[in-house]
Structure formats: structure tokens, C-alpha cells
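Student: here's my sequence, what's the structure:
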Amino acid sequence: MKALLLEGKGLADEMKVGELEKPKPGQGEILVKIKAAALNPVDYKTANGGNPNWSYPHVLGLDAAGIVEEVGPEATGIKPGDRVVYHGDMTRKGAFAEYSITTAHTVSLIPEGVSFEDAAAIPCAGFTAYLALFYKMHVAKGQTILIHAGAGGVGGYAIQLAKYAGLTVFTTASKSNHEYVKSLGADAVIDYRSEDFVNRILELTDGLGVNFVLDTVGRDNAEKSLKALAFNGQIAFVAGPPNVNDAISFAHPLSFHQVALGSVHQSNNPTQQRILAQMGDHMLSLLQQGQLHSLVEKVIPLEQIPAALTELATRHVKGKIVAVIDEV
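Tutor: Take a look at the predicted model:
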């Protein structure tokens, strides 16, 4: 089969399309003919850092949409011909290839009217946002949230999901992306380059702070964000934790939530793993109903993935980049 081959650690920009043996599904697994695969920051990060479970050449790509070609033993609820989307296991060969393997109980069926490209854009970024809002912080109507980097994948989905849940949404973005994040539902946008987001949040909330913060930027940004939280506020972090010990205060109690979507495949906990399918089912339904935008900004061929990952590494990409693997 055709695949984009990573020949070694740190060689993402040198990946070339080559040939690999077509995989075969094992117990509880399915073989998917990949139609589209989304790019994510985790792709270039793991390509640079490697993984002890990999053998080279490796194939990157965690977010995939395609057609089920073969069903392995004890794989239930899925049949050949089904259109599916899934978030894959980062320890295994991924979706930048004609075929890939995943577990049957973690996929979602793509509803009628939803394209492979739009479906593929959801899992990593969308599920991270969904997990943070609804499984970690348990957001509720009438509350307030600060979502950092609203023009990115996680931020863009989080804005939409928070508005769907009835929250007042504040977000940070560069000036050029203010109208974009407002189109996703942000109530107020803070220019992180020229404004102090803590001061702006306190102004916007009459000094109370927000109920929730979703931070996708990094440890220092998460640390600063604690000052924007209201009494009994909660923060979910993706890219690094604040200093929890220094932040614990009887006078101003807070809650801290680590969001680590990709590790669920290594949990050996089928109940937790099925949450991937549950999140996918709901988000695809919202997408089909027009209540969610897929955030797809660019569609590229397989061969252009290395250059697109280099662009993604600048951390200034708006929305999602999706690669078309098979157009037939």
C-alpha cells in the first residue's frame, strides 16, 4: 500500500511516499481504507521525539476517516462498507497511508451528508475540547469561560461547544483572527499580543473572573490564567500544568484538570476508550445538523503533508489542515 514514510526520529520534513505491506486486523480491530486524514501538532511533536513502540519506517497520522474494508475477529457493531472516523493509537502506524488499523469500539459512523474531510478534522482537536468541557470541567449554561488560542483547532471547537452549552465565551487570538473567532461564537476576543488577558477578563466580569479556563498554550500561560479564575474556578490544561501546589488556597479554591486524549488507547479500559466513539457520535450529529463547523481551512494531497506539518509547527495556523488520501 501507499504510505508517507517517516524513516527516523526528527525526520518529519524528509518524509516521502513509499510502499508498505497492507496491514491485517486482529482481534477486535478493523481495517479502514483511508479517505482523509487530519494533521495535528502531535504529529510533528511525536515525529521529533519518537516513540519506543515504533519501528521504522513509521507512519504518522492520528485522525482518519474512511471506509471499513475488513473486520477482525470479535469486532462487533461495524461491518465492511461502513463510513467511519476515529482517533488512532499513537503507538501504532497511523493514517497517512492507504490503509490503517484501529479498534472497532472507538470509531464513529459518519452520517449522511458529512464529508470524509470534515469528519477527519474532528477527533484530536474536537475530542480534546469536548473532553475538557464536558467530562473534566462539566460546564453548564450561564457560566463563563476563557478559551486560549481560539483560532486553533482545539480552541475553535471549544468555542463552538461552549456556545452550544450556553456559556459566555471569551477567547484570545491575534488581531487578524478576531472576526474568525467571533464567527465561531466568541462573545469577546482579547488580542494576546497587545492586551493583558487577566486584566481584560477581570474587566469583562466585573472583577469576578471566569468559571473556567481552557489552556492549550503552555505552562506559563496556564500559570497566569489562574489569576483570571473566579472563586471555585476550574482550569483544564493540554500543553502543560500550572504550579498546582503554589496555587492551592483556602481563600480562593480552584480545580485542576489534565487533558490527555491520546493516552486512552494505552489505558486498557474499554469503558474509557468507548468515550472516543461517544464524543464522535455527538460531534458528527452536530456537524450534520449545521450546529458545528469542521474548521477545515486547507485540503492537501498526501505528498504535501511534510510541508504542512512544518507550517503547523509555527503555531499560527488557523483551523484545520486535512490531507486527502484516496479520492476514488
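
Student: mind checking how far the closest residue to residue 21 other than its chain neighbours is from residue 103?
Tutor: In space, and not counting its chain neighbours, residue 21 is closest to residue 1: 7.4 Å by CB to CB, 6 or more residues apart in numbering. C-beta here means a position set from N, CA and C on the backbone, and glycine is covered the same way. With the distance defined as CB to CB, to the nearest Å, residue 1 ends up 20 Å from residue 103.

Student: out of those two, which sits in the busier spot?
Tutor: Ranked by neighbour count (other CB atoms under 10 Å), residue 1 and residue 103 place residue 103 first, with 24 against 15.

Student: how about the strands in the stretch 151-300 of the chain?
Tutor: For the stretch 151-300 of the chain, the strands defined by DSSP state E, counting those that start in this stretch occupy 168-173, 188-191, 210-215, 229-237, 254-258, 296-301.

Student: any idea which of those is most buried?
Tutor: Per-stretch averages of neighbours, counted by mean count of other CB atoms under 10 Å, single out strand 210-215 among the strands of the stretch 151-300 of the chain, with a mean of 28.

Student: how distant is that strand from the center of its chain?
Tutor: Relative to its parent chain, strand 210-215 has a centroid offset of 18 Å by CA atoms, centre = their mean, to the nearest Å.

Student: paired strands for that strand, with orientation please.
Tutor: Within its sheet, strand 210-215 is paired with strand 144-147 (parallel), strand 229-237 (parallel), according to DSSP bridges.

Student: among these, which comes closest to residue 212?
Tutor: Taking CB to CB, strand 144-147 is the member of the strands paired with strand 210-215 nearest to residue 212, at 4.1 Å.

Student: element containing residue 69, please.
Tutor: strand 63-71 (DSSP states H and E).

Student: ok, and what's touching the following helix or strand past that strand?
Tutor: Counting by DSSP H and E, the element after strand 63-71 in chain order, helix or strand, is strand 83-87. The contact list for strand 83-87, computed with CB atoms under 8 Å, 6 or more residues apart in numbering, reads 30, 32, 62-68, 78, 102, 106-110, 116, 119-120, 122-124, 127, 261-262, 276, 280, 284.

Student: taking those residues one by one, which sit in helices?
Tutor: Those of the contacts of strand 83-87 mapping onto helices are 116, 119, 120, 123, 124, 127, 276, 280, 284, per DSSP state H.

Student: as CSV, those residues with neighbour count, distance to residue 233 and pLDDT would be great.
Tutor: Below are these laid out as CSV (neighbours: other CB atoms under 10 Å; distance: CB to CB, whole Å; pLDDT from 0 to 100):
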residue, neighbour count, distance to residue 233, pLDDT
116, 24, 39, 98
119, 31, 34, 98
120, 31, 34, 98
123, 28, 28, 98
124, 26, 26, 98
127, 25, 24, 98
276, 24, 28, 98
280, 25, 29, 98
284, 22, 31, 98
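
Student: among the residues you listed, which one lies nearest to residue 203?
Tutor: The shortest approach to residue 203 among these belongs to residue 127, at 32.9 Å (CB to CB).

Student: start to end distance for stretch 76-85?
Tutor: Start-to-end span of stretch 76-85 (CA to CA, to the nearest Å) is 16 Å.

Student: next: stretch 304-322.
Tutor: Start-to-end span of stretch 304-322 (CA to CA) is 10 Å.

Student: got the buried residues for it?
Tutor: For stretch 304-322, the neighbour count (16 or more other CB atoms under 10 Å) marks 305-306, 308-309, 311-313, 317-322 as buried.

Student: on that earlier part again, pLDDT score assigned to the residue nearest to residue 21?
Tutor: pLDDT, residue 1: 96.

Student: correct me, but it touches residue 24?
Tutor: No - when contacts are counted by CB atoms under 8 Å, residue 1 is not listed as touching residue 24 (11.6 Å).

Student: so what's residue 311 up against?
Tutor: 317, 321.

Student: make it 7 Å
Tutor: By CB atoms under 7 Å, 6 or more residues apart in numbering, the contact set of residue 311 is residue 317.

Student: tell me the SS of it?
Tutor: Recorded secondary structure, residue 311: helix (DSSP: H, G, I helix; E, B strand; the rest coil).
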